[in-house]
Each structure stands twice: as structure tokens, then as C-alpha cells.
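> From the sequence below, what's the structure:
(chains A, B, C, D, E and F)
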There are 6 protein chains.
Amino acid sequence: MPIVEIHLIEGYSDADKSRLCTALTQAARLVVPAAPDAITVMVHELPPGHYMRGNAHRQPAPAKPDPSDVVRRYLAAMEARELKQATALLSDGFTMTFPGTAPMTTLDQLITWAGPRYRFVTKTYKGFDALQSESEAAVVYCRGTLAGEWPDGTAFGGIRFIDRFEVIKDKIIRQDVWNDIAETRDAP
Amino acid sequence: MPIVEIHLIEGYSDADKSRLCTALTQAARLVVPAAPDAITVMVHELPPGHYMRGNAHRQPAPAKPDPSDVVRRYLAAMEARELKQATALLSDGFTMTFPGTAPMTTLDQLITWAGPRYRFVTKTYKGFDALQSESEAAVVYCRGTLAGEWPDGTAFGGIRFIDRFEVIKDKIIRQDVWNDIAETRDAP
Amino acid sequence: MPIVEIHLIEGYSDADKSRLCTALTQAARLVVPAAPDAITVMVHELPPGHYMRGNAHRQPAPAKPDPSDVVRRYLAAMEARELKQATALLSDGFTMTFPGTAPMTTLDQLITWAGPRYRFVTKTYKGFDALQSESEAAVVYCRGTLAGEWPDGTAFGGIRFIDRFEVIKDKIIRQDVWNDIAETRDAP
Amino acid sequence: MPIVEIHLIEGYSDADKSRLCTALTQAARLVVPAAPDAITVMVHELPPGHYMRGNAHRQPAPAKPDPSDVVRRYLAAMEARELKQATALLSDGFTMTFPGTAPMTTLDQLITWAGPRYRFVTKTYKGFDALQSESEAAVVYCRGTLAGEWPDGTAFGGIRFIDRFEVIKDKIIRQDVWNDIAETRDAP
Amino acid sequence: MPIVEIHLIEGYSDADKSRLCTALTQAARLVVPAAPDAITVMVHELPPGHYMRGNAHRQPAPAKPDPSDVVRRYLAAMEARELKQATALLSDGFTMTFPGTAPMTTLDQLITWAGPRYRFVTKTYKGFDALQSESEAAVVYCRGTLAGEWPDGTAFGGIRFIDRFEVIKDKIIRQDVWNDIAETRDAP
Amino acid sequence: MPIVEIHLIEGYSDADKSRLCTALTQAARLVVPAAPDAITVMVHELPPGHYMRGNAHRQPAPAKPDPSDVVRRYLAAMEARELKQATALLSDGFTMTFPGTAPMTTLDQLITWAGPRYRFVTKTYKGFDALQSESEAAVVYCRGTLAGEWPDGTAFGGIRFIDRFEVIKDKIIRQDVWNDIAETRDAP
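Next up, the predicted model:
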């Protein structure tokens, strides 16, 4: 216990349904203290002709992509400085806030801002968390550590960071970044 | 579509079941791009005598508390400097990491560390996010801004922060904190 | 076979649910040639807290009255010349069409029109049929025979009639009447 | 709400199942005042080997045809004077009653009776209503207006009519007809 | 896996439903090699007004008694020589066959037959097995060992026996007995 | 009533599922006094990707063989003196007890023991009963009559017997035999 059943119109991929089963499992576990092995999820698929709502058969909408995947693709593109690819993953209305900045809306702004802070930075990930918010956006958190070079060419590493993303469909609409760069830079 | 059904042994409160319905709704929305009004959740309750697993009737375990509530109680106790109450919400094995610190394990360590950084700090919350991890812990994020006084008595405010908590049952086992204090303090 | 299940929010009366079971039974029989005894209907009730749509619990709306009952009450009031009661069962926008008339909108019009046709008329019912239309209205048919007196005081009887009603909630919005009065009156 | 589920042995056509979904939707709406978009129907099909009743697997019987279609084919054949085709749609035990007639059992009787009434008649349909009765028969109502020529060759039109049919399987066993022909003929 | 659900009209006792859950669990295990803990049974009860078959609501019939209990009561009465009580548990048409006998129909016949075989006998039970046959009868097997005294007053014990009973409702209609009495008696 | 539903991962043969439907039907009948035709079983199959337990998709284990078939194959091999085939159906830990014997563990022991009792024996079956025990073993009973020749070559027949088998997976782990051979042999 508990047993969760979901009825879906046919058309989702195995990966989508697996992701859905996992999300339902975790949703149940958030409230019910069952051992994971006691939580069962069953997916019941219906062809469109077996499902009627409001006296009309319905077609399934394509599954939303995994928002963590959208974020990973964006982070990979940024780290590789593939700005065109990264920009393609940003939604109209995108804003990003970095430590000490006002909200920025373009990657060019970000690069200008980062210039005097570090030569480059790479990320090592400790974990991703994703959830659906009450609004349209999915929320993705990723955290880990930064390594790179200060403007004077000396190396740094092991600096903690966390990013929070809001993803609508397959685009990022908001990024908030926190890290210990200032803390580290200050340290004697 | 989709329609989610969950079968539960009787014994959960209305608030628990409502929380469960919301978690299942959001789980479905994470993958299926349905309008919220098209997502239905039905809870089917069974008395223990109507449920058998492994040839034995079962009793429901008490619901897990809302992990966001655990975190809110902890944050309120910390802000009010009610250290005894706050400590009571910490699990064996608790660790916390603040900007620039190694993991600390007691609130006393935290207070000693914070002493030279600020006289006091209060938090204004912009949002909480909670989810169940694959492990036993629930994860809670809270973010917002800090206000308070520097050691010299001058005020600060509007400093962004984010905390990440891991909660097992009704205790916090891990806290990770990021904020822009160093960034702000450095600013001319 | 077939087996029909319906999930409802709690709050319908036994009579409502029985009427619903019958309607679902007949709906299945309209297409599936099963012996009636092979058609099963199960009603599953959910308290409002066990049902969530669009991330909100819902309250059941009161059941619609049986549209045949609305029509029977109207016909009984008309036959008893209780015009006030009959009028109370008519919706805004009510129209009625009798043999050879244009649509009328008030019972006074009807009485004026009927005056030269017969002194009075009573109805013997052979059957009622009710169904839900695709629009908001339920449709009720009733048929049987008329008896009464011609204007000259001679009696008539056994004259076939059929009435078609459209009912929205608990009001009649349309009545269409056909009968053999002219046919009979003409007969030598 | 409500959600209707029907379990069927495999073997019905998409059109049959769609008709069934619509009939179940309307059955629910007859009692429950839900917005159509809040009414969901799910069809669950089982292969014969997945369904056992009375310790025996079962085969599905062929779906009943849509009784409105049977009636439309009959009415089209009658209007085209394709008496053989029309007769093929009549069941043993068929009777029909027209205004002022005793029950007739053959189309020849009808034609003889109609001879002195009109040269020909065509129908314009305003609507069909179909439902399953408690007995074996489905009931179909159709209504609209008649046009044609009186015996003296003058034209008539716009005369209201209604027909009531009882259909068992794919044959008509009873037809009852009402119209305003006598009313109109009498008018000065 | 598997998950078994049973829909019942309300009215069965907790003991009946528990017995039913166990029977369904064992039925599933007879075919599916799941660990017992992976087999879930859920009982869904419906008040009579929520269940319609053949357009009629139904009342539940009283549960059949556990056929093993019927047999145990009979065996206890026989061992205590409470012949009236034992007889009350026998159905019309009862027959019993013991080693070397033709079918007998009354307990008196049995006692007469047993007279020269032993003074008395008591049973120690090693196990009962019960199942529903394809016919109306439930079948109960019980096995164990006999102890008692031979006609000459010497004691015997540890003699294997097995009884097979057929039970219809709460009466025994057939008993078949096998044991090693002759084998033992013969032994030098 | 009742209606039984079972949810299974895909992969069982039609014969397995039919056997499962029958076992579930009989399980329900053991408690609920419904006419067989009122007992419905529905099998719902899920592909592995539609079933998740403990956050993992699962593969179905192969169905257990019908334990009555295992026993029939063993009895046929024994009757045909195909000892190698018979032995292949015996589990490690197999024991068998015959009238008057201590538990034996090999077919050779059995043959040695039977030598002085009869030249050969054949079985006519009156019935098989199979059920799942609470332990891992399925239990099979078979009963009927024995025919054969005494050591002196004279024929015997019509001697009642019953065998009880315990079967784990596709091997017999225990056989217990009762019959009236001694009773018959003793008879004058």
C-alpha cells in the first residue's frame, strides 16, 4: 500500500511513462511512509476511441520533456560556450539573477558581467531535483561545485553553487544562481 | 485526462489526503501537459479488513508530516533564537553547511560562526518547494531575502538566500545554505 | 458483460442513484445486445475530500430532478386547471405548439385557442420516454389517448395524442403536441 | 465528475464504442448536472480469455445497429417507394398506426389508405431521438414537416409530423404516426 | 503483483471477508509464483443501492459458512458421541463410505458396522484442506492419526487416516474415509 | 456479484490465465453463495513498462505449472514403470508414505515394499482436487480405485484409494497414500 493507478490516452513513450511512474511513486511517498517496495503504480492506457470527455474523443498532447534534461542541455551548452544553442533553450521573458546582479535577460549581459569575475568556470554536479510547481512552470534545482580560473589566471575549485530554474514546456524562463564565489574570493 | 486513483488503508487525515491529492496532481503534470482542470485524482480508502497483502491484513502507518512544515517550524525557532525548540527538530547525524564553512553539526557551532558576520538576521520568504527524493529523505527548498544588522550595527536587507533541507520523518538531517552576504558585504 | 462503473461525489439520494443506474443500464443496452441480467452497474461514491480536479476538491451539484416527474406534475396541474401551479413549472422562453397553431407562450393563449375546440379534455397515458439531448435540455415524450366533450357537449374518447417536452433543470421550456382531434372531428 | 467506466469484451467497432460512450455520457447527464466537459467515459476492452463469467470464457455478441439508422433507412425507402427494401426492414409482428387508422400490418394497407389523402408526401426532419426501452425494443422518435400534393394536385407543405418507432435488433416492429394533415386540410 | 480486487454487496462479516481474501490470495498463488508479500487483495463493498444487475438492485445472500468449520463441528460431535448434533449437520442424501463398506446413509449404520472393529476411536488432526469444487459442493479433507481401543480392550494409536467431505451450504452430503486400521490390525 | 479483477504483468499463456480465472471463481464461490453465472472475473494485463513497484519496473515470473498435471504425469510414469521419468518429477527432500510404511524416499524402496503385496496395480481416477496451501506447496488429491493382481496371480479390482501430493514448482515433494488393500485382502 498504497496502489496508484493512472489512466492515460495512448501515445506516451516508454520513457515518459517510466518518468510518470516514478513521479507518482515519489508523490505517494511524500505523504505515506510505506517502504518503497510496497508502493505500486499501474498505468492503464486507452486508445483515443476508448476515452470520451465532454462527448468528444480526445487526442493525447505530446508529453512534456523532462525539465532536468532541458536544464542539463542548457548548462552543457553554456559550459561549452555554445551560446546559440543555449539561447535556443531560453523562453521569451527569460530572466536570470546571479549573486549581486539585478535580473538580466540575455546571455550577453551575463558574459559581460562575469568578465571581471572569472576567466572561466566549470561545474561538477552533486544532484538535480525537479518538481512541478502550482503554476505552469516546472522547477529544477541543481547544485554542486564550481572550478575555474580567477581573472589573474590562478585556479579555484570546490566552490559550492546552486541554481534554480523554471521551465515551461521545453524552454527556461527563469534562472536564479547562488554560490560562494564572493565568500571564497574574500578569504585570505 | 489523466485520471489518477490511489488506494489507501483508512486512517489518514483530510489534510494528509489533500496533500497527497496535490502531490499526485503535480506528479501527473510534470509529464502530461494537461490543463489542471483535466487532471482528476480519486482516493479510495479501504478499512484494514478489506486489504490483505501477503495473506495478512495491514494497519496504516501514520502519515509523514509535511516536510515544509517541519522546516518552517525550525526556521521560526531559529529566528526567535529558541534553540531548544530548533534542536528538537534536528535528527541524529544532522549536518549544516553555510557559505564558506565546513559542515557543522550543532547550532552552537553555527552561532559562534555567525557572530563576527552579523548581529542578527531575519528572513522574508519568496517560496518553498518540497519533493520526495529517491532516498528516504524529503527535500525542502526555501528562498527569499535576508535583513539584519552588520556587526557594526548598520542595517542590511534584500540579500538573496536559498536553503536546502533534507527531512526524514519529522526531523531535519541536513541543511545547506547559500546567500549573497559576502557579495553584498564586498560591494563598495 | 458489460460492467459499468460510475464514480460520483457523495451527495445524491438513493432515488437519484437508482435512476442513474437505470439510465446507464439502458445506455449500455442501446448498443450491446446483452441479456439484462448480464449488465451490471456499480456506483462508487467519493467524499469531496477524496476527489480532486484541477488541484481543488469539489462539491457535488444537486441532482437534476427526473424530467418525467416535472412533466407529470405539469400535466396533472393542467388537467386540474391549476394554472398557477402549471405556470410555475414553465421556464422563461417557454413555447408550445399545438395542432394547427403557431407557437404560443402562455397558458392563457392556449385556453383561448382551445375554447372553440372542446369543453374539456382528460388524458390517459400509455407511456413516457425520457432522454438527455445533446443540448442542455432533457426530452420527455408522453403518449396516450384523450377523452372529453366537444363544444356541443357530446363526448369523445380514445383519440391518440403525443406530447414532446424539453425540460431544463426543473422547468419546461418547450411543449409540442400532436393528436388526432381534427381527424376524429372530421369523421362522419 | 462523474467518471464512467465500461468493461467490454473485445469485438465492437470504433463506431459502436463511440455510440456507447455518447449514450453513457447522456445517461450520466440525465441525472448529474455536470458540465459536459466534466463527464469522462473510459472503455476497457478485454479479450475473451481475460473475461470469465460462470466459470466460462465468453464471446461478445455483435453490437446492435443504431436504431436511428434502421429508421432512416426505412423512411428513405418509403419516400423513394422502394417497398421491397422497406418491407425488409419490418419485423414479424409489425404494426403501424396512422392518424385515424386502426393498426395496419402491411405497407400495402398503408398505401391503399393513403391514396385518397394525398398523391405523395416528403419529409423534412427536425430531429431524431433514440433510447432503449425497458423491454427489448429501442425507441426512435423522428419529427419534422411534411410536404406533398393533395389528391387534387395542389401542393401542401410545412405540416408538422412525429413518428415513433420500436426497433428490435435491426427490424422495426411498431410505427406510430401523428401529424396535422387533418387539421390543415380542414383549414379554410 | 498480482493485485486482486473483489466487488461485493455489503453484508459480509469481517471473518467472511478475511476468509475470502485468503481464498483469493491462494487462488492467485496457485498460478502466479509471486512471493506472498507481493500479492495484494482489495475488497470493495457496495451498498445494495450502488449495485444494479439486470436493472434491479440486489441484496447480498448470507455468506456460506466455512466448510472446514462444518466438518470440525461434525467430527467433534461424533467423537463425543453426540449423535443428534452430528445428524443435524447431515444433508438429505448423505452417504458415507468407510474402508470396506458399501455406502451407508445413517450414523446408526456406521455405529453398527464399527462395533466389531473398535471400542472407540479419537482423532488427532495433522491438517485440513478446503476448496470449492466445480459443482455446488465445497470439499474438505482432514487427515491425521487415530487412537483408541480394539474390541479386546488393547489400545492402538498413530494409525493414519484421511477423510474427504462434501459440504453444501452448512450440511455434509458425503463422507469418504480411508485409514490403516486393517493394515495395522493385520500386522504381527 | 461478486466481480473479481486481477492485475497481472503480461506474459502468462491463455491456459495459465484461464486456470487463474477458474481458481479465482472457485475462491469467490467458497464464501459467496452466488450462482456461478453471477461471478465475473476480469484479467487486466500490464506490459512491464506500465507496472512499477518500489520505483522499479518488473518482469513477470513464469507461471507455475498446474500441480494436477505434475501429479498426472508422475502417476502415468509410475503405472508405466517409467521410473526414470517418475524420478525426474521428484524434488530433493521427497518422502512418501504408504499404508503401514514409514516414510520412504526413493522409488526403489517403494518397489521393494510393494513386491510381496501385489504383482502390479493400475488406477482408475474418480477425481482430482488441487489447492494452494499457506506454505509454498500446492496440494493435489486424487482418488479412485485400484485394480491389479495379488502375488498369487489372482485379480483384484475396485479397491478404493486416495493419494495426497505436495508439489513445489514442478516437483513432487511429498506423497501420502491410503487405500483399502489390507481391508480387502483380509476379507474372507
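> The closest residue to chain E within chain A: how many residues sit nearby?
As assessed by Cβ to the nearest Cβ, chain E sits closest to A:Ile3 within chain A, at 6.3 Å. Glycine gets a C-beta too; all of them are placed from N, C-alpha and C. A:Ile3 sits with 24 neighbouring residues when counted by other Cβ atoms under 10 Å in any protein chain shown.
> Kindly report the same for A:Glu183.
The burial count for A:Glu183: 23, using other Cβ under 10 Å.
> Phi first, then psi, for it.
With angles defined as degrees, to the nearest 10, A:Glu183 sits at phi -60, psi -40.
> and what of A:Arg164?
Per degrees, to the nearest 10, the backbone of A:Arg164 is at phi -120, psi 130.
> bridging residues for it?
A:Tyr141, A:Asp176 (DSSP bridges).
> pretty sure A:Pro151 contacts A:Arg117?
Yes - the pair A:Pro151 and A:Arg117 qualifies as a contact (Cβ atoms under 8 Å) at a distance of 7.3 Å.
> that older thread, ok, the residue of chain A closest to chain E - contacts?
A:39-42, B:6-7, E:3, E:40, E:42 (Cβ atoms under 8 Å, 6 or more residues apart in numbering or on different chains).
> How much space separates it from chain D?
17 Å (Cβ to the nearest Cβ, to the nearest Å).
> out of the contacts of A:Ile3, which is most surrounded?
Most neighbours among the contacts of A:Ile3, by other Cβ under 10 Å: A:Val41, with 29 neighbours.
> same for the helix or strand A:Ile173 falls within, what does it pack against?
Element membership for A:Ile173, per DSSP states H and E: strand A:171-179. Packing contacts for strand A:171-179, counted by 3 or more Cβ pairs under 8 Å, 6 or more residues apart in numbering or on different chains; DSSP states H and E, involve helix A:67-79, strand A:90-97, strand A:155-168, strand B:155-168, strand B:171-179.
> Redo the ones you listed as JSON lines? Include mean pLDDT.
Below are those laid out as JSON lines (pLDDT from 0 to 100):
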{"stretch": "helix A:67-79", "mean pLDDT": "97"}
{"stretch": "strand A:90-97", "mean pLDDT": "97"}
{"stretch": "strand A:155-168", "mean pLDDT": "97"}
{"stretch": "strand B:155-168", "mean pLDDT": "97"}
{"stretch": "strand B:171-179", "mean pLDDT": "98"}
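> Could you save those as CSV and add columns showing distance to F:Tyr12 and mean neighbour count?
Formatted as CSV, these follow (distance: least, Cβ to Cβ, whole Å; neighbours: other Cβ atoms under 10 Å in any protein chain shown):
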stretch, distance to F:Tyr12, mean neighbour count
helix A:67-79, 36, 18
strand A:90-97, 48, 16
strand A:155-168, 41, 19
strand B:155-168, 40, 19
strand B:171-179, 44, 21
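> how about CSV for the ones you listed, with distance to A:Ala23 added?
Below are the helices and strands packed on strand A:171-179 laid out as CSV (distance: least, Cβ to Cβ, whole Å):
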stretch, distance to A:Ala23
helix A:67-79, 11
strand A:90-97, 22
strand A:155-168, 15
strand B:155-168, 19
strand B:171-179, 23
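> For F:Leu146, which of those is the nearest?
strand B:155-168 (66.3 Å; Cβ to Cβ).
> Extract the C-alpha trace of that closest one and format it as CSV.
Output of strand B:155-168 as CSV, limited to C-alpha atoms (Å, rounded to 0.1, in the frame of the first residue of the first chain):
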residue,chain,number,x,y,z
ALA,B,155,21.4,47.6,8.7
PHE,B,156,21.3,45.4,5.6
GLY,B,157,18.4,44.0,3.7
GLY,B,158,17.2,42.4,0.4
ILE,B,159,20.1,39.9,0.4
ARG,B,160,19.1,36.8,-1.6
PHE,B,161,19.3,33.4,0.1
ILE,B,162,18.3,29.9,-0.5
ASP,B,163,18.3,27.0,1.9
ARG,B,164,18.1,23.3,1.1
PHE,B,165,16.9,20.8,3.8
GLU,B,166,16.7,17.1,3.9
VAL,B,167,13.9,15.8,6.2
ILE,B,168,13.4,12.2,7.4
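> ok, and does the lengthiest helix in chain A reach over to chain B?
As assigned by DSSP state H, the longest helix anywhere in chain A is helix A:14-31. Yes - using Cβ under 8 Å from any Cβ of the partner chain, we find that helix A:14-31 touches chain B at A:16, A:19-20, A:23-24, A:26-31.
> neighbour-wise, which of those residues leads?
Most surrounded of the residues of helix A:14-31 next to chain B: other Cβ under 10 Å gives A:Ala27, at 31 neighbours.
> And that one, how close does it get to E:Thr154?
73 Å (Cβ to Cβ, to the nearest Å).
> hmm, who's touching stretch A:56-68?
A:8-13, A:16, A:19, A:48-49, A:51-52, A:128, A:130, A:138-140, A:142, A:165, A:167, A:169-170, B:1, B:30-34, D:18, D:21.
> mind listing what's buried in it?
Neighbour counts over stretch A:56-68 (16 or more other Cβ atoms under 10 Å in any protein chain shown) mark A:57-58, A:60, A:63-68 as buried.
> ok, now stretch A:2-17?
A:2-9, A:12, A:16-17.
> what's the first-to-last distance across it?
19 Å (Cα to Cα, to the nearest Å).
> pLDDT averaged over it, what's the number?
The pLDDT scores in stretch A:2-17 average 96.
> Contacts only, for the residue in chain A sticking out farthest from the centre.
The centre of chain A is farthest from one residue, A:Asn55, which by Cα atoms, centre = their mean lies 37.0 Å away. Contacts for A:Asn55 (Cβ under 8 Å, 6+ apart) come out as C:134, D:21-22, D:25-26, D:36, D:39.
> could you redo the last one with a cut-off of 10 Å?
A:Asn55 sits next to C:134, D:18, D:21-22, D:25-26, D:29, D:36-37, D:39, D:41 when contact means Cβ atoms under 10 Å, 6 or more residues apart in numbering or on different chains.
> min pLDDT across those residues, which one?
Minimum confidence in those sits at D:Pro36, scoring 80.
> how about the residues of chain A that lie near chain C?
Contacts of chain A with chain C, taken as Cβ under 10 Å from any Cβ of the partner chain, map to A:55, A:134.
> got the residues of chain A near chain F?
A:3-6, A:8, A:13-15, A:17-18, A:20-22, A:24-26, A:29, A:34-45.
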